[in-house]
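Trainee: here's a sequence, model it:
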Amino acid sequence: MSTERTEHISSRRPRHHSLAPPAWLLEGLKPTTAPVPWAAAARAAVALSVPLVVGFAVNEPEYGALASMGALSGVIGDTADAYRMRVLNIAVPQFFGAVGVSLGTLVYGHGWVAVGALTLIALVSGMISSIGTVASVSGLLLLLNAVVGAGLPLPQPWWTAPLLMAAGGLLVLALTLLGWPLRGRQPERAAVAAAYQALADTLEAAGGPSDLYDERRRRVTRELDQAYDLILGRRARVHGRSRSLVRMLAQLNVVIPLVEAAPAAHLRGRPLPPEIPAAVRELAAVVEEGHTEAPVLDLPPARTPAERALDAALRHAATVVHLSEPDPHNVDDRLGRPAALRVRARRAVRDMMMSETSWRYGLRLALCVGLAQSLVSVVEIERSYWVALTVTFVLKPDFGSVFSRALLRALGTAIGLVTAAAVLAEVPRGWWDVPVMMVLGALIPVFSAKGYAFQTAAITPVILLLSDLLNHQGFDLIRPRLLDSLIGCAITLIAGYLLWPESWHTRIGDRLADTVDDAARYVERAFAPTSDDAARAAARTGRLQARRRLYRDLSGVRSEFQRALTEPPPTGTRAAAWWPLVVAVERIVDAVTAARVRVNHGAPPPAAEEVAGIARQLRQLADRVRSSTIPVRGEDEPAGEESGVLAPVHQELAAARAITQPER
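Mentor: Residues are numbered from 1 along each chain as shown. Purely as a prediction, here's the structure:
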């Protein structure tokens, strides 16, 4: 059953004509389905055009262009939903950007001193990018602005450019925060409500086709991760004093038992009564609107362990969701209380300095930027600063595949140059730049949501117009910009990709194998014997934390594999071959969770020997993944009690073991 299902997944990859573009490139060109961010588009249009208006009004267009460049950085970094996170995502990178342009301005025109300085800045930028999302954007702006400062003659004194660029970024922040007094906690409430909505869709798909259920269950994981990141991870100081955050966290925590019960409901093999997902949607509406009316649930009678688990979890969730003031104590202990901000910062810096991955990426970025700057110092290249800018944009590990991103950037640049050429050729310089910038600026958030090539195509004409205001070269900017981009992409592909064996000889299954080992530990913890109530409570907390970490890790593995699918052979081919095992491991974890829920609600627990046997088979599976370059298919018969509570686990495990047999 499960073997056929996983084989079907791998067969769904499209077959291409011999003359058609390769599948890994088409994967990167496929636009992402996302709603149009109208508010972000309006903010970008205003933030990029207002500095130009002020610059033209005071007869200093160069100052306006620099402020618009800072606003462009803020627009690119404004990707969060919650307002407190927006402050971090915009303000912190702007500080690093100001430091970067200051350092670049100080070494402008100093030849090899500038090369050494930018190489060192690239090392620091690459290393801090490994800390997290805000640090990644901060490292990006640190290096980008340093390259701009070292490559363009900016207004003097040296502090003029960082001050203007920071002002542009702060304008974006001010526009972003205008809605805070009106919307308050709405982004956080919307995130929690989205988790409830995703859960309702999952329960609606339970008992139906497995592909649809798996897709919706993964969406629940994504929504939970985002909601917890918004609420739990960012409130180390304010949580204890904020009743609204306490309430939202309590509402989010009671989703967990419902999420656990969903796999058990799916394994029944028949759809749930429509009243159950409808009740979850009603709770989502209550969460988003902040109501506190008494709960009214009209649920069908529960007979099986899975139905009893859903019924109990849903009634408990309804009670907590409608509480106006939940108990502020112990609401976040289920998933672990985050440390203080200074402690987390100290740990992040320590982990960065001790991380081999952090050093390797920093050295790789430093090598490529050093080569780019050395090249333009030796060879006369117009607009030479753009070579290093291209290297920085392409060589970002959290932006996707380096190889395909280099090609996509070249393609996006070419498309953007067509737009820029039309504007520079037909639109008179001066006040006409303002409406043009409004239109082009509004397109950046819209196109950024579609993919990297689309974002590049939107940003390219904006930067060219701003560069023209600084250098007054007009149409002559087009050809050097394309040449610089191609040189930067070539440097990245050679020095940042081909010369690093892990780029194209990567063992894509290593992280998956680690996750399989974690699944083995989860099985042991899920059915560990307990002696008293206190031990049972501690065991339940441990299971919840382990399951959440495991599902988050599986989400990360899936993202890594999807990124690898956009790589050329052999990496992309290996990722496609291992992909069915990713799905199989997700189903194993689902089946274990469902078995635990059934035991909690009346089913007989499995024997300790059976649990140990499953954990042992999972560890053997992890060893197979580590020892295999590509999966070798075979047949593995299910073992254990086919009628016991772990029967679905045995079936899913047999399917996973059949995907990769020991190589002969």
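Trainee: hey, let's count contacts and neighbours off CA atoms from now on
Mentor: Noted.
Trainee: my read: residue 311 touches residue 302, true?
Mentor: Yes: between residue 311 and residue 302 there is a contact at 6.6 Å, judged by CA atoms under 8 Å.
Trainee: which one of the two has more residues nearby?
Mentor: Legend: neighbour count by other CA atoms under 10 Å for residue 311 and residue 302, higher for residue 311 (20 against 13).
Trainee: list the contacts for the more buried one?
Mentor: Counting by CA atoms under 8 Å, 6 or more residues apart in numbering, residue 311 makes contact with 299, 302.
Trainee: right, and the helix or strand after the helix or strand containing residue 351?
Mentor: Using DSSP states H and E, residue 351 falls within helix 341-354. Later in the chain than helix 341-354, the nearest helix or strand by DSSP H and E is helix 356-378.
Trainee: in that following helix, what counts as buried?
Mentor: Going by neighbour count (16 or more other CA atoms under 10 Å), the buried part of helix 356-378 is 358-359, 361-376.
Trainee: tell me the mean pLDDT over that helix?
Mentor: Helix 356-378 shows an average pLDDT of 85 in the prediction.
Trainee: first-to-last residue distance for stretch 72-92?
Mentor: 15 Å (CA to CA, to the nearest Å).
Trainee: ok, and what's touching that stretch?
Mentor: 44, 47-48, 93-94, 134, 137-138, 141, 168-170, 172-173, 176-177, 180, 185, 187-188, 230, 234, 445.
Trainee: and the helix or strand where residue 173 lies, how far out from the chain middle?
Mentor: Secondary structure assignment for residue 173, by DSSP H and E: helix 160-176. Relative to the centre of its chain, helix 160-176 is centred 26 Å away, using CA atoms, centre = their mean, to the nearest Å.
Trainee: in it, what counts as buried?
Mentor: By neighbour count on 16+ other CA under 10 Å, the buried set for helix 160-176 is 161-173, 176.
Trainee: any chance of those in TSV, plus distance to residue 420 and pLDDT?
Mentor: Compiled in TSV, those are given as follows (distance: CA to CA, whole Å; pLDDT from 0 to 100):
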residue	distance to residue 420	pLDDT
161	24	88
162	26	90
163	28	92
164	24	92
165	23	91
166	26	90
167	26	91
168	22	91
169	24	89
170	27	89
171	25	91
172	24	90
173	27	88
176	28	85
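Trainee: now for the biggest helix by length in the chain, which elements pack on it?
Mentor: In the chain, with assignment by DSSP state H, the single longest helix is helix 533-564. Judged by 3 or more CA pairs under 8 Å, 6 or more residues apart in numbering; DSSP states H and E, helix 533-564 is in contact with helix 210-231, helix 510-526, helix 571-600.
Trainee: of the ones you listed, which is nearest residue 492?
Mentor: Of all the helices and strands packed on helix 533-564, helix 571-600 sits nearest to residue 492, with 17.6 Å by CA to CA.
Trainee: can you pull the poorly scored residue ranges out of the stretch 101-250 of the chain?
Mentor: Counting by pLDDT under 70, the stretch 101-250 of the chain shows low-confidence ranges at 179-185, 232-242.
Trainee: all helices of it, in order?
Mentor: Taking DSSP state H, counting those that start in this stretch as the test, the helices found in the stretch 101-250 of the chain are 112-128, 133-151, 160-176, 180-183, 186-205, 210-231, 243-253.
Trainee: and residue 358, how far is that from residue 651?
Mentor: Counting by CA to CA, the gap from residue 358 to residue 651 is 40 Å.
Trainee: can you give me the pLDDT of the residue nearest to residue 204 when sequence neighbours are not counted?
Mentor: Counting by CA to CA, 6 or more residues apart in numbering, residue 204 lies nearest to residue 277, which is 5.8 Å off, once chain neighbours are set aside. Looking at residue 277, its pLDDT is 88.
Trainee: in which helix or strand does residue 277 reside?
Mentor: Element membership for residue 277 (DSSP H and E) is helix 275-289.
Trainee: tabulate the CA atom coordinates of stretch 254-262 in CSV.
Mentor: Extracted C-alpha coordinates of stretch 254-262, given in CSV (Å, rounded to 0.1, in the frame of the first residue of the first chain):
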residue,chain,number,x,y,z
VAL,A,254,-4.6,24.2,22.5
VAL,A,255,-4.2,23.6,18.8
ILE,A,256,-1.5,21.0,19.6
PRO,A,257,-3.9,18.2,20.9
LEU,A,258,-6.1,18.8,17.8
VAL,A,259,-3.1,18.5,15.5
GLU,A,260,-2.0,15.3,17.3
ALA,A,261,-5.5,13.8,16.8
ALA,A,262,-5.7,14.6,13.1
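Trainee: list the buried ones in that stretch?
Mentor: In terms of neighbour count (16+ other CA under 10 Å), stretch 254-262 has its buried residues at 254, 255, 256, 257, 258, 259, 260, 261, 262.
Trainee: and the helix or strand encompassing residue 479, what other elements does it pack with?
Mentor: Assigned by DSSP H and E, residue 479 falls within helix 478-493. Helix 478-493 sits against helix 356-378, helix 385-394, helix 402-426, with contacts defined as 3+ CA pairs under 8 Å, 6+ apart.
Trainee: so where is the stretch 551-664 of the chain shaky, pLDDT-wise?
Mentor: Within the stretch 551-664 of the chain, the stretches with pLDDT under 70 are 566-570, 629-643, 660-664.
Trainee: swap the cut-off to 90 and go again
Mentor: Confidence mapping of the stretch 551-664 of the chain against pLDDT under 90 gives the ranges 551-613, 615, 617-618, 620-664.
Trainee: list the buried residues in stretch 308-325.
Mentor: By 16+ other CA under 10 Å, the buried positions in stretch 308-325 come out as 308-311, 313-315, 317-318, 320-323.
Trainee: and those residues as JSON lines, adding secondary structure, distance to residue 450 and pLDDT?
Mentor: Converted to JSON lines, the buried residues of stretch 308-325 look like this (DSSP: H, G, I helix; E, B strand; the rest coil; distance: CA to CA, whole Å; pLDDT from 0 to 100):
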{"residue": "308", "secondary structure": "helix", "distance to residue 450": "43", "pLDDT": "82"}
{"residue": "309", "secondary structure": "helix", "distance to residue 450": "40", "pLDDT": "82"}
{"residue": "310", "secondary structure": "helix", "distance to residue 450": "38", "pLDDT": "84"}
{"residue": "311", "secondary structure": "helix", "distance to residue 450": "40", "pLDDT": "85"}
{"residue": "313", "secondary structure": "helix", "distance to residue 450": "38", "pLDDT": "84"}
{"residue": "314", "secondary structure": "helix", "distance to residue 450": "37", "pLDDT": "86"}
{"residue": "315", "secondary structure": "helix", "distance to residue 450": "40", "pLDDT": "85"}
{"residue": "317", "secondary structure": "helix", "distance to residue 450": "36", "pLDDT": "84"}
{"residue": "318", "secondary structure": "helix", "distance to residue 450": "37", "pLDDT": "84"}
{"residue": "320", "secondary structure": "helix", "distance to residue 450": "38", "pLDDT": "81"}
{"residue": "321", "secondary structure": "helix", "distance to residue 450": "35", "pLDDT": "81"}
{"residue": "322", "secondary structure": "coil", "distance to residue 450": "38", "pLDDT": "75"}
{"residue": "323", "secondary structure": "coil", "distance to residue 450": "40", "pLDDT": "71"}
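Trainee: out of those, which is nearest to residue 153?
Mentor: Comparing the buried residues of stretch 308-325 against residue 153 with CA to CA places residue 321 closest, at 58.4 Å.
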